Structures are given as structure tokens and as C-alpha cells.
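Visitor: below are the sequence and a predicted model; questions follow.
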Amino acid sequence: MKTVTVFGSALPVAGDEEYETAYKLGELLGKAGFAVCSGGYQGIMEAVSKGCVENGGEAIGITVATFSRVPNPYLTKVIEAKTLFERIQILVETGDAFVVLRGGTGTLLELATVWEYFNKGVLQVKPVAAHGEMWKQIVEKIDERMKFENRNAGLVKHFEKIEEAFDYIRANIGD
């Protein structure tokens, strides 16, 4: 079973547009036979896990021993990392593809890690779909810089609709 790692905010709650978008993504991934991997807590992590599990998929949560939070109840597997950096490493290594939803500095750090690993050849290039307006300018600016530096541009694709992000991942995840 291929695994899609999803990055995003811990803050949205059921009923919020961001939560419902993540749930929809999980639903699409579960129905298509994918597992999801996330940070394992609330918000977008809970929503994507719930959507996936309720539709036949699996949900892996990568938690951190030092955080005093309870993992979300939809996880089918929990891996506890010792540190935040170990957590990010496991999230990245587990993904056969990545979807970046709205979030803050933690989500930015996760995206930047994947992007840099691709550019440095540390990780084989895999599909990355960034969803929502907040990522559009970031993706465009970084790609401009990558072109200027004669480095790999176009590694992260931007999508306005979650269905388009899903379609991109499904079509490009490989066998």
C-alpha cells in the first residue's frame, strides 16, 4: 500500500473549511487504496486520518515523545519519535508522495525539508502537491530562485482544488 504523507495545521476543528478539505483528501486517498501518514495529532492530521480510515485506508501517526498531546483516535498505527527532527525525518521517509495543506511554520519546515532533500539528492524526487492560495506564492518564489541557481525547479506543484491535488498524486505516485 502506497503512503501519502500529509502536512498541515493542528488547529482546524470539524466544520472548519481546512478540516473538511483535509477530510475530503483522506476520503479520496482511502477510497483509492492509499494510506496516509501525518503528525498524528488534531486538526488537519485528524481530519485526513479520519477520512482515510472511514474509507478503507490506513492512517499512520508520527508523534513526538516530548509533546504532551494525545494522538487522534483514527490512527491505525502510531510511531513515537524522540525529537521533532526525528519526527520530520520519519514523516519524510514514510511518504511515497506528499500533500501540503495550510499550516504555519511547522508545515513550512516539513515542506522545506522535502524540497531540500530533493535538491540535494538525499531523497528520490516524489510527487508533492501544495494546496491552497498560501502556497502559491511560496512555490512560485522558490521556483524562480531555483531557476536562477540552475537547480531543479517544478518539484512542488500548486493546486487550488483538493481533487486536483489528489489526481496529481494518484497519477504520479508510481508503482
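Guide: Looks like it came in fine.
Visitor: ok, and what's touching stretch 86-100?
Guide: Under the criterion Cβ atoms under 8 Å, 6 or more residues apart in numbering, residues 2-8, 25, 37-39, 60, 62-64, 79, 81, 107, 109-111, 113-114, 117, 123, 126-131, 135, 156, 165-166, 169, 172-174 lie in contact with stretch 86-100. Yep, even glycine has a C-beta here, placed from its N, CA and C like the rest.
Visitor: for stretch 159-172, that is, sorry about that
Guide: Here stretch 159-172 has contacts from 4, 21, 24-25, 28-29, 32, 97, 99, 127, 129-133, 157, using Cβ under 8 Å, 6+ apart.
Visitor: in it, which residues are buried?
Guide: Neighbour-count burial for stretch 159-172, counted by 16 or more other Cβ atoms under 10 Å, picks out 159, 162, 165-166, 168-170.
Visitor: now, those that are in strands?
Guide: Judged by DSSP state E, the buried residues of stretch 159-172 include Phe159 as members of strands.
Visitor: off-centre distance for stretch 145-157?
Guide: Mean-position distance between stretch 145-157 and its chain equals 20 Å (Cα atoms, centre = their mean, to the nearest Å).
Visitor: quick one: mean pLDDT for it?
Guide: Average pLDDT, stretch 145-157: 94.
Visitor: start and end of it, how far apart?
Guide: 15 Å (Cα to Cα, to the nearest Å).
Visitor: quick one: buried residues of that stretch?
Guide: For stretch 145-157, by 16+ other Cβ under 10 Å, it's 146, 153, 155-157.
Visitor: how about stretch 79-90?
Guide: 79, 81, 87-88, 90.
Visitor: try stretch 19-26
Guide: Buried-residue list, stretch 19-26, by 16+ other Cβ under 10 Å: 19, 21-26.
Visitor: equivalent analysis for stretch 4-15, please.
Guide: 4-10, 12.
Visitor: in helices, which of the contacts of stretch 159-172 appear?
Guide: Among the contacts of stretch 159-172, DSSP state H puts 21, 24-25, 28-29, 133 in helices.
Visitor: so which pair among those residues is furthest apart in space?
Guide: Largest separation among the ones in helices among the contacts of stretch 159-172 by Cβ to Cβ: Leu29 and Glu133, giving 22.1 Å.
Visitor: comparing the two, which residue is more hemmed in?
Guide: It is Leu29, of Leu29 and Glu133, that has more neighbours when counted by other Cβ atoms under 10 Å, with 29 against 9.
Visitor: can you tell me how far Lys77 sits from Asn119?
Guide: Remark: distance between Lys77 and Asn119 (Cβ to Cβ, to the nearest Å) = 30 Å.
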